[in-house]
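Colleague: Fold the following.
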Amino acid sequence: MGRLFGTDGVRGIANSELTAELAYKLGRAGAFVLTAETKHVPKILVGMDTRISGHMLEAALVAGICSVGAEAICLGIAPTPAVAYLTRHYKADAGIVISASHNPFEFNGIKFFDGKGYKLPDAIEDRIEAVILDEDGQLPFPTGVKVGVKSVREDALNDYIDFLKETAPADLKGMKIAVDCANGAAYQAAPKALLQLGADVCVIHNKPDGININDSCGSTHIESLQKFVCECDADIGLAFDGDADRVLAVDENGRLIDGDRIMAIIGLELKKRGRLTKNTIVATVMSNMGLDIMAGNHGINIAKTKVGDRYVLEEMLEKGYILGGEQSGHVIFLEHNTTGDGLLTALNLLDAMKTSGCKLSELASVMEVLPQIIKNARVKNQNKHNYMEDEIIAGLCRQLESEFNGEGRVLIRPSGTEPLVRVMIEGKDKEYITTRAFELAKVIEERLS
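Modeller: Okay, here's the model as predicted:
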């Protein structure tokens, strides 16, 4: 069997790839590895999104946790960042989220947080996986009073909302906010938090039935929110994904404000307040070049990482930065939480609007979004990392960079899972960069197939 853990926990089609048996083993092995050093009865939080398979996996996971003598504290439906925060707040030894984020309902996933609310490093995931795949009797089977128990925290969501209100105490009176909850984990928390802060809230996709999570809604399907904002004449629209660790916005005219622009707006506001550590925002290599141009115009540095929120977080922790994220709207405020938090991001964006007195479209105009074209080149799998070793391909890239003269760029990345090389070209002339992206992808296919 290959590695169970992917880039964000264990994922698969529920009851086929991610079975109740596997969930039981993950609960058992995860509880053992993460609480091995504790001298007390370990406590592990368990939260989930709204998928139909969540209850099945929760039951199996809890059984595994209890079977090694730990206490499983069930939070019910809760955003991923809520579990990260509450793990610290309740002084638990670990946290677990049952969610497949923005994926369709038939998928589900299990991801772990350590006692400080951080996602696990590869080494710890490898230890959990080794216990599952090569169980050698090291796991305990306590009996009698030492068997673990399950408890339920009915107040978990309120505790998370109180944290949000303390962290970003924006007075939202007079603001009309349209919210797309993606029929997911934000369906209660988002409207409740915004209402408590005084906003006039209009909500769509907040009636989960187990199978409609992310179904033509949420941050991966922004169109319905764009239309809804205009219909209800809202000041802003907020679209969450299934587990609410990311958010995208829509301005009062129905135009998308992606994660790069959200970071530009919030980063500038933090800089004005003297709170942007080292005047730096952490972004990935896929962030729009418009973010770099904006930053250069306002004395802000952009630190770039590989694609993936774990790389953003690593850079932030290593260098002491407090703001970082991705174009997808997965934004981390390290002063307040240890993972991307859609609601926390939304409240900081709303606070910037209230403080400035500006419409969202006006704030977003600080950053011009340059067109990006991505074209896949299908190649032999063994060749997908060798593109820059080919002189013709390398020469074409150098030629394009020279033509752009700082107003565009070429980024080539091998796919992590498929025999593909992804060509991304960014520049001001969409027609021109589209033509050049197809040309470059064709050459790559010819040279590396």
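Colleague: in stretch 209-221, what's buried?
Modeller: By 16 or more other CB atoms under 10 Å, the buried positions in stretch 209-221 come out as 212-214, 217-221. Heads up, the C-betas are built off the backbone N, CA and C, glycines and all.
Colleague: same deal with stretch 227-234?
Modeller: Buried residues in stretch 227-234, counted by 16+ other CB under 10 Å: 228-229, 234.
Colleague: What about those, which are in helices?
Modeller: Among the buried residues of stretch 227-234, DSSP state H puts 228-229 in helices.
Colleague: Just the closest of the buried residues of stretch 227-234 to residue 67, please.
Modeller: For the buried residues of stretch 227-234, the closest approach to residue 67 (CB to CB) belongs to residue 228, at 46.2 Å.
Colleague: For the buried residues of stretch 209-221, give me JSON lines that also has distance to residue 257 and secondary structure.
Modeller: Formatted as JSON lines, the buried residues of stretch 209-221 follow (distance: CB to CB, whole Å; DSSP: H, G, I helix; E, B strand; the rest coil):
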{"residue": "212", "distance to residue 257": "25", "secondary structure": "coil"}
{"residue": "213", "distance to residue 257": "23", "secondary structure": "coil"}
{"residue": "214", "distance to residue 257": "20", "secondary structure": "coil"}
{"residue": "217", "distance to residue 257": "18", "secondary structure": "coil"}
{"residue": "218", "distance to residue 257": "15", "secondary structure": "helix"}
{"residue": "219", "distance to residue 257": "11", "secondary structure": "helix"}
{"residue": "220", "distance to residue 257": "15", "secondary structure": "helix"}
{"residue": "221", "distance to residue 257": "16", "secondary structure": "coil"}
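Colleague: From those residues, pick the one nearest residue 96.
Modeller: residue 213 (18.6 Å).
Colleague: Contacts only, for that closest one.
Modeller: 49-51, 104-105, 182-184, 242 (CB atoms under 8 Å, 6 or more residues apart in numbering).
Colleague: Adding pLDDT and neighbour count as columns, could you present those in a markdown table?
Modeller: What follows is the contacts of residue 213, written out as a markdown table (pLDDT from 0 to 100; neighbours: other CB atoms under 10 Å):
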| residue | pLDDT | neighbour count |
| --- | --- | --- |
| 49 | 98 | 30 |
| 50 | 98 | 26 |
| 51 | 98 | 31 |
| 104 | 94 | 14 |
| 105 | 97 | 24 |
| 182 | 98 | 34 |
| 183 | 98 | 27 |
| 184 | 98 | 32 |
| 242 | 97 | 33 |
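Colleague: how is this structure carved up into domains?
Modeller: Domains of the chain are assigned by automatic domain parsing as 10-155, 172-256, 258-369, 372-448.
Colleague: And the residue nearest the centre of the chain, how far from residue 247?
Modeller: Geometric centre of the chain, nearest residue: residue 330, 4.1 Å, by CA atoms, centre = their mean. Distance from residue 330 to residue 247, counting by CB to CB, to the nearest Å: 9 Å.
Colleague: Quick check: phi and psi on the residue nearest to the centre of the chain?
Modeller: phi -90, psi 100 (degrees, to the nearest 10).
Colleague: Repeat that for residue 332.
Modeller: According to degrees, to the nearest 10, residue 332 has phi -110, psi 130.
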